[in-house]
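> Sequence and computational prediction follow.
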Amino acid sequence: KEKHEINPLALRGIPVVAINGNHDKRSKYLTNPVQVLEHAGLLIHLDKSVALFEVDGKTVAVHGMSYVHEKYAKDVLNEWNPKQIENAINILVLHQSISPYIFNPLEPPTIGIEDLPKGFNLYVEGHVHWREVRELHGSKFLLTGSTTPTSVHKKEAEQPKAYYFYDGNNIETKVIQSQRKIMYEELSFEANIRGRIETLLQTIPLQNPKPMVFIKIKGNVSKDFSIPNFSELEEKYRNKAIISINKDLQMEGLEEQAEMLRSLREQKLSPEEHGLKILRNNLENLNCWLKIDDIFDHLVEGDTDLLFNILLGQQTTLKGVK
């Protein structure tokens, strides 16, 4: 697209320019909510396009690329190939995972920060929920973060929410004064983890609005241990806080199972072949005189008592006792 056609209604008052994010995305034959707002004359929606404004005698060009699947983001950006408007303040706005700012590790980004085209006065990036300002290509890069707590990241919990003013040269950060407090705790799993969490929740002071408390439990869990039901704690203390308890736990034995599946995939062995390979290795490690080829038929026939008797020294031949 070239210069974006602007609905005159959207120019009343202070114009709002927006791109759609991943939650606004709709399938081909549906209209996303940002487009609806544009049709109503409430904002200017950019998608691989640019909107021009005159502000205090200066031209401001806002270039925007609405969200696309991360898999195609770099190709779409390169195909669009936004060009700066001469003698203007050029701002590039995106809503993608851009390395090193990754929202979802399951959808790795195809765009790195150095891939962004040079020559813009300001780069504005959404998607992730914490905020940062840094230098890029001799200009400013603004990671805006969200204006309200969402799926909280540890880094997001450590900084207050904010909005920004940009004068063509400098970014001024304005912290939102009235906002909900966020608590983020990472705890290692232990037998008394439920008690530790309850002690933590008891210390939360009464506040208005209620704080958001995110607790992440990490560690390994024995196969014989029953994981507590933390939903009872979330319900018990819901009048004090908005509580989310997330479990990032690894059950003992699962890694071995995962390794076995990886081996099956890589070596293209059947489960039976893989089982025989494990048994052969174990017999060799025990310096056992039994050979897998000799006992295979007994395993198939289910003669496990005979094999156990040999391993225990109660029998010395592979011939069954009648």
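Received, thanks.
> For the nearest residue to residue 16 once chain neighbours are set aside, grab phi and psi.
In space, and not counting its chain neighbours, residue 16 is closest to residue 43: 4.0 Å by C-beta to C-beta, 6 or more residues apart in numbering. The C-beta positions use only the backbone N, C-alpha and C, and glycine is treated the same way. Backbone torsions for residue 43, taken as degrees, to the nearest 10, come to phi -160, psi 180.
> Check the burial of residue 43 by counting its neighbours.
17 (other C-beta atoms under 10 Å).
> Let me see the contact set for residue 7.
38, 39, 41, 44 (C-beta atoms under 8 Å, 6 or more residues apart in numbering).
> that older thread, what's the distance between the residue nearest to residue 16 and residue 35?
10 Å (C-beta to C-beta, to the nearest Å).
> same thing with residue 145?
In terms of C-beta to C-beta, residue 145 sits 25 Å off from residue 35.
> per-residue confidence at residue 27?
Note on residue 27: pLDDT of 75.
> How many neighbouring residues does it have?
6.
> Tell me if I am right that residue 277 is in a strand.
No: looking at residue 277 with DSSP: H, G, I helix; E, B strand; the rest coil, it is helix, so not inside a strand.
> Please point out which parts of stretch 164-175 sit buried.
For stretch 164-175, a neighbour-count test (16 or more other C-beta atoms under 10 Å) marks residue 166 as buried.
> returning to that earlier point: who has more neighbours, residue 145 and residue 35?
Taking neighbours as other C-beta under 10 Å, residue 145 and residue 35 compare with residue 145 leading, 23 against 18.
> what's near enough to touch the residue positioned nearest the centre of the chain?
In the chain, the centroid-proximal residue (C-alpha atoms, centre = their mean) is residue 104; its distance is 2.4 Å. Residues near residue 104 by C-beta under 8 Å, 6+ apart: residue 97.
> Kindly indicate whether it is helix, strand or coil.
Going by three-state DSSP: residue 104 is coil.
> where exactly do the helices run in the stretch 101-250 of the chain?
154-157, 193-202, 231-236 (DSSP state H, counting those that start in this stretch).
> before we move on, back to that, any idea how far the residue nearest to the centre of the chain lies from residue 96?
11 Å.
> Could you list the low-confidence segments of the stretch 151-300 of the chain?
151, 251-276, 283, 285-300 (pLDDT under 70).
> Please give me every residue in contact with the residue nearest to residue 16.
Taking C-beta under 8 Å, 6+ apart, one finds 10, 15, 16, 17, 18, 34, 37 in contact with residue 43.
> Buried ones among the residues you listed?
Members of those classed as buried by 16+ other C-beta under 10 Å are 10, 17, 18, 34, 37.
> hey, what's the second one bridged with?
According to DSSP bridges, residue 44 are recorded as the beta-bridge partners of residue 17.
> separation between it and residue 51?
6 Å.
> what's the overlap in contacts for those two?
Common neighbours of residue 17 and residue 51 (C-beta under 8 Å, 6+ apart) are 44, 62, 64.
> looking at this, the second one is in a helix?
No: per three-state DSSP, residue 62 lies outside any helix segment and is strand.
> what residues are up against it?
Counting by C-beta under 8 Å, 6+ apart, residue 62 touches 17, 46, 50, 51, 52, 53, 91, 93.
> ok, the first one touching residue 49?
Meaning residue 17. No: counting by C-beta atoms under 8 Å, residue 49 is not a contact partner of residue 17; they are 10.5 Å apart.
> what's the overlap in contacts for the two?
residue 64.
> Identify the farthest-apart pair in the contacts of residue 43.
The largest separation in these, counting by C-beta to C-beta, is between 15 and 34 at 14.4 Å.
> Once you drop chain neighbours, what's closest to residue 168?
Once flanking residues are discounted, residue 168 sits nearest to residue 89: 4.7 Å by C-beta to C-beta, 6+ apart.
> Just the element for the one you found, please.
Using DSSP states H and E, the element containing residue 89 is strand 88-94.
> And for that strand, what's in contact with it?
By C-beta under 8 Å, 6+ apart, strand 88-94 touches 17, 19, 46, 52, 58-65, 77, 82, 84, 111, 116-117, 119-126, 166, 168.
> In PyMOL, select just the buried ones from those residues.
Buried members of these, defined by 16+ other C-beta under 10 Å, are picked up in PyMOL with:
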select buried, resi 17+19+46+60+61+62+63+64+65+77+82+84+111+116+117+120+121+122+123+124+125+126+166
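> Sitting in strands, which of the contacts of strand 88-94 do you find?
Using DSSP state E, the members of the contacts of strand 88-94 that fall within strands are 17, 52, 58-65, 111, 122-125, 166.
> right, and out of those, which lies closest to residue 27?
The nearest one, if we look at the ones in strands among the contacts of strand 88-94 relative to residue 27 and count by C-beta to C-beta, is residue 65, at 18.9 Å.
> Quick check: the closest one vs residue 111, distance?
Following C-beta to C-beta, the distance that separates residue 65 from residue 111 is 10 Å.
> So for those two, which residues contact both of them?
Counting by C-beta under 8 Å, 6+ apart, the residues touching both residue 65 and residue 111 are 77, 94, 96.
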